[in-house]
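S.K.: Model the structure of this input:
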Amino acid sequence: MKILVLNSGSSSLKFQLFDMPSKKVLVKGLAERIGEKTGQFKANDYVVEQAMPSHKEALELLTGYLLQPENNLIKNKNEIIAVGHRVVHGGNTFVQPTLITTEVKEKIKELFSLAPLHNPANLTGIETAEEIFQQARQVAIFDTAFHQTIPEKNHRYAIPAKFYQQGIRKYGFHGISHQYVSKKAHEMLGKTDSKIITLHLGNGASATAVLNGQSFDTSMGFGPMNGLIMGTRSGDIDQSIIFYLIEKEGMSPQEIQNILNKQSGMKALAGSNDLRDIEAAAAQKDIKAQLALEMYAGAIKKYIGNYIAQMNGLDALIFTAGIGENSDVVRELVSQNMEYLGIGIDATKNKNPKNYNGDITHISSKVKVWVIPTNEELEIALQTYKLIGQ
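M.R.: Numbers count the residues shown, from 1 in each chain. Purely as a prediction, here's the structure:
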């Protein structure tokens, strides 16, 4: 069975075509700069530069590539049995993979205000795929769904009940990634009861406590700005700052949102949101870069300590996503001075985790420390396949 996975951004479209249940990736690619004068479409080794006014043109390019006889992928569009879509926000409504209907699309629209940068683009991808792959079953996989198991004591805010009843609560994000790597870790531990912390560290970043295979707490909240310091997002701040900026600086809510979402984080601290640049500057004794890295690691440590206390222990600490998988510097800083909590990494293994199957645990560490590459597209394919069955 061939399942196409789509991750639609406002100006981009990531895609993978899977043969299920073998999990074989037949095509992997990206269309970017959609809506600009010149765009780029990549599929496996094929690259073309051309304008893509909308997601429709991007999907048409993909369809044309899939149908080319020399690529030996599909003979007609009917071979695509299902299309799995990443949808960022599912609110309280969507707690599992969902077959897309008119009612589902309307609900995704209602949630635009909770994820204004993501849900509109996700819906665009859905509607475009419906038009091009009319015979395929369209399935939505929600990034918030994994976190719906978080108990009320951890997902509720200490504000008047009427707001909670209106849906103001912690939702959490990066759920597809946290679910994928925590399942891997759970299997590797080989036990039914497990206490795991997953660190999804990329330009966006979040930490999740996974207790017995279920999300128990997570660092992102009502929106994706909360929690860890990120590339351009502030992470946790004192709410009083927002009122100060409104009252003393005369800023509008939109201006403040833009600052906290796009001008803060590592960009504000070190002048760049590219961790590679920051690490290079820190190595040259740049004080701002060094401070940024220390603050970045410190914010992560706060959540590790919080989650260990809540779960009364820890079996495994997982690093994943772009920074988590590739930055030995961040992994080292996060793991420093954690011996009291039973966490330690081997410096040699940390430099080349791939050589050790991702296991960077120090011989004296009571807690397993693993680098597990995330694969959100595969997780979407697996959940889609499970839903539609045969």
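
S.K.: Show me the beta-bridge partners of Gln50.
M.R.: Legend: beta-bridge partners of Gln50 under DSSP bridges are Gly39.

S.K.: That one contacts Phe41, correct?
M.R.: Yes: between Gln50 and Phe41 there is a contact under Cβ atoms under 8 Å: 7.1 Å. In this view, the C-beta of every residue, glycine as well, is placed from N, C-alpha and C.

S.K.: Overlap of the contact sets of these two?
M.R.: Taking Cβ atoms under 8 Å, 6 or more residues apart in numbering as the criterion, Gln50 and Phe41 both touch Leu61.

S.K.: Give me the more crowded residue out of the two.
M.R.: Phe41 (23 against 10; other Cβ atoms under 10 Å).

S.K.: isn't there a helix covering that one?
M.R.: No: using DSSP: H, G, I helix; E, B strand; the rest coil, the assignment for Phe41 is strand, not a helix.

S.K.: tell me the domain ranges of the chain?
M.R.: Per automatic domain parsing, the domain ranges recorded for the chain read 2-142, 191-371.

S.K.: Tabulate those (TSV), appending distance to Ala381.
M.R.: Shown next, in TSV, are these (distance: least, Cβ to Cβ, whole Å):
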stretch	distance to Ala381
domain 2-142	4
domain 191-371	18
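
S.K.: quick one, which of the ones you listed is nearest to Arg156?
M.R.: When the domains of the chain are compared by Cβ to Cβ, domain 191-371 sits nearest Arg156, at 10.8 Å.

S.K.: neighbours around the spatially closest residue to Ile372 that is not a sequence neighbour, how many?
M.R.: Spatial nearest neighbour of Ile372, excluding adjacent residues (Cβ to Cβ, 6 or more residues apart in numbering): Val181 at 4.5 Å. Around Val181 there are 29 other residues, counting by other Cβ under 10 Å.

S.K.: got it, and Ser206?
M.R.: Residues near Ser206, counting by other Cβ under 10 Å: 28.

S.K.: do the same with Arg276
M.R.: That count, for Arg276 with other Cβ under 10 Å as the rule, works out to 13.

S.K.: Would it be right to say that it lies in a strand?
M.R.: No: the assignment for Arg276, made by three-state DSSP, is helix rather than a strand.

S.K.: from now on call the first residue 791
M.R.: Sounds good: first residue 791 from here, last item Arg1066.

S.K.: any idea which of the domains of the chain scores lowest on pLDDT?
M.R.: Note on the domains of the chain: domain 792-932 shows the lowest mean pLDDT, a mean of 89.

S.K.: so how far is that one off the chain centroid?
M.R.: 17 Å (Cα atoms, centre = their mean, to the nearest Å).

S.K.: gap between the two ends of that domain?
M.R.: End-to-end distance of domain 792-932 (Cα to Cα, to the nearest Å): 21 Å.

S.K.: is it true that Ile871 touches Leu1177?
M.R.: No: taking contacts as Cβ under 8 Å, Ile871 lies outside contact range of Leu1177: 11.6 Å.

S.K.: Got phi/psi on the nearest residue to Leu979 once chain neighbours are set aside?
M.R.: Excluding the flanking residues, the one nearest Leu979 by Cβ to Cβ, 6+ apart is Asp1105, at 5.6 Å. Per-residue torsions, Asp1105: phi -100, psi -40 (degrees, to the nearest 10).

S.K.: Now for Asp1105: which residues touch it?
M.R.: Shown in contact with Asp1105 (Cβ under 8 Å, 6+ apart): 979, 981, 984-986, 1157-1158.

S.K.: Let's see that with 10 Å instead.
M.R.: When contacts are counted by Cβ atoms under 10 Å, 6 or more residues apart in numbering, Asp1105 touches 975-976, 978-979, 981, 983-987, 1000, 1132, 1156-1158.

S.K.: buried subset of these?
M.R.: For the contacts of Asp1105, a burial check counting by 16 or more other Cβ atoms under 10 Å picks out 975-976, 978-979, 984-987, 1000, 1157-1158.
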